[in-house]
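J.: Return atomic coordinates for the entry below.
(one chain, ligands or ions: 1)
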Amino acid sequence: MKTVDTELFKTIGSVLDPIEKKIVIVPHHNPDGDAIGSAIGLGNLLINRGHKVVIIFPNDYPAYYNWIESKAKTVIYNSQKKIAKRELEAGDILICVDFNDISRVGNMEKSLQNFEGQKILIDHHPEPKVFCDFLISDTTYSSTSEMVFDFISILDFEKFVDKSVAESLYVGIMTDTGSFSHNISEPNTFKVISNLLKFDINADEIHAKVYHNYSASRMRLLGYCLNQKMEILEEYQTAVISITQDELKNFNFAPGDTEGLVNYPLSISGIVFSVLFIEKEGHVKLSFRSKGLFPANQLAANHFNGGGHLNAAGGEDFDELENSLLKFKQLLPDYLHQLTKASNELKKLV
Ligand SMILES: [Mn+2]
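T.: Below is the predicted model of the structure:
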């Protein structure tokens with residue numbers, strides 16, 4: 001079971017005093033449910049406490065998260081650079097959530113580097129590259145949103161939690177655990193969920209708002225990818241899916257439409273590693289998911305300029321899609337031993 005460094009949380013909490021200070025919250029580029037949920041949840045909490053808060057998203061987020069209510073002003077850096085820069089200049093405290101490497105904010109990196117106030121980081125990814133003055137970094141948490149709730153509890157801020165805070169943090173935990181299907185063996189996760197449910201939130205409704213809110217073309221894209229584009233590399237217990245820009249256009253691609261796609265092949269018995277290749281302008285974006293002991297983050301870091309969690313990582317390759325796919329396949333023999341080992345461990349469990 002995890003041990004929480006209460007003193008560290010309290011020290012960092014004291015940075016937030018007095019409440020007149022202006023706080024800027026920044027999640028990572030291509031924000032997912034946890035990045036959005038932890039940023040908005042923390043933002044609403046701090047506003048309820050009397051702070052001035054602005055949330056700057058490096059780029060826009062999927063429309064199925066639009067219903068989450070932010071009391072703080074939100075700015076999208078990519079489309080509102082001037083306003084975003086002005087807000088960063090005016091900020092006293094920067095709180096970075098759900099990432100631990102400054103390069104994860106995309107082209108907002110330079111503006112963050114120039115931030116002159118105090119910087120706090122709250123995150124659950126491994127191997128932080130330190131760029132903040134204060135760090136709460138703990139990989140035993142399911143999500144940053146769960147960490148934010150502990151932060152709130154330890155600082156005795158629960159009196160500032162309302163429905164909007166609880167809803168946002170619930171979204172973060174729900175999405176980062178794949179609706180409570182992975183990273184859920186720590187009792188603390190459910191303790192936090194149980195606390196959030198006390199704030200009159202409707203968990204059934206939240207699930208439906210996020211997962212029953214997709215476009216028909218997104219579902220057709222999913223069907224196409226699984227039916228036509230999924231390749232099973234049996235010897236390596238690996239599945240790959242690759243999508244070109246043209247294919248995405250054919251399915252009226254909207255941000256978020258490929259989120260979660262990489263998880264599907266892991267439902268196949270015997271598959272321990274799933275990789276999604278998406279062709280972008282000038283590069284290929286890769287998502288890696290694994291089961292058991294296979295270190296998806298190591299492969300991502302070693303060969304594809306990436307990293308992340310043991311079982312969920314990302315990366316990018318500055319090459320053509322075909323070359324990238326070929327390079328990946330040629331790498332697999334080097335990982336055969338680890339893939340087989342992970343697969344054998346899992347067989348023991350079934
Ligand atoms: Mn997260």
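J.: Name the residues that touch stretch 220-236?
T.: Outside of stretch 220-236, the residues within contact range by Cβ atoms under 8 Å, 6 or more residues apart in numbering are 238-243, 247-248, 251, 253, 257-258, 261, 264-265, 268, 270-271, 273, 329, 332, 335-336, 339. C-beta here means a position set from N, CA and C on the backbone, and glycine is covered the same way.
J.: helix or strand for residue 173, which one?
T.: Following DSSP states H and E, the helix or strand that holds residue 173 is helix 163-176.
J.: Any buried residues in that helix, and which?
T.: 164-176 (16 or more other Cβ atoms under 10 Å).
J.: what's that helix packed up against?
T.: Counting contacts by 3 or more Cβ pairs under 8 Å, 6 or more residues apart in numbering; DSSP states H and E, helix 163-176 packs against helix 33-48, helix 144-154, helix 187-196, helix 203-211.
J.: Can I have the buried ones of the contacts of stretch 220-236 as a PyMOL selection?
T.: Buried residues within the contacts of stretch 220-236, by 16+ other Cβ under 10 Å, are selected in PyMOL with:
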select buried, resi 238+239+240+241+242+243+247+248+251+253+257+258+261+264+265+271+273+332+335+339
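J.: Mark which of the contacts of stretch 220-236 are part of strands, please.
T.: Applying DSSP state E to the contacts of stretch 220-236, the entries found in strands are 238-243, 273.
J.: TSV please, covering these and showing distance to residue 187 and pLDDT.
T.: Formatted as TSV, those follow (distance: Cβ to Cβ, whole Å; pLDDT from 0 to 100):
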residue	distance to residue 187	pLDDT
238	33	98
239	33	98
240	36	98
241	35	98
242	40	98
243	39	98
273	29	98
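J.: of those residues, closest to residue 80?
T.: residue 243 (29.3 Å; Cβ to Cβ).
J.: Quick check: the gap between the residue nearest to residue 50 when sequence neighbours are not counted and residue 75.
T.: Spatial nearest neighbour of residue 50, excluding adjacent residues (Cβ to Cβ, 6 or more residues apart in numbering): residue 19 at 4.3 Å. Shown here: residue 19 relative to residue 75, a distance of 21 Å by Cβ to Cβ, to the nearest Å.
J.: again, but for residue 251
T.: For residue 251, the distance to residue 75 - Cβ to Cβ - is 30 Å.
J.: what does residue 43 give?
T.: 12 Å.
J.: now do residue 175
T.: Looking at residue 175 against residue 75, where the rule is Cβ to Cβ, the gap reads 22 Å.
J.: How about residue 304?
T.: The value you get for residue 304 to residue 75, if Cβ to Cβ is used, is 31 Å.
J.: who's more crowded, those two?
T.: residue 304 (24 against 21; other Cβ atoms under 10 Å).
J.: What's the separation between the more buried one and the ion?
T.: Distance, residue 304 to the ion, using Cβ to the ion, to the nearest Å: 20 Å.
J.: Check residue 200 too.
T.: Applying Cβ to the ion to residue 200 and the ion gives a distance of 25 Å.
J.: Nearest residue to residue 282 in space, please, no chain neighbours.
T.: Using Cβ to Cβ, 6+ apart, the nearest residue to residue 282 is residue 318, at 7.0 Å.
J.: residue contacts, that neighbour?
T.: So residue 318 contacts 282-284, 305 (Cβ under 8 Å, 6+ apart).
J.: ok, of the residues you listed, which come out buried?
T.: 283-284.
J.: Can you tell me which of the contacts of residue 318 is nearest residue 153?
T.: residue 305 (37.1 Å).
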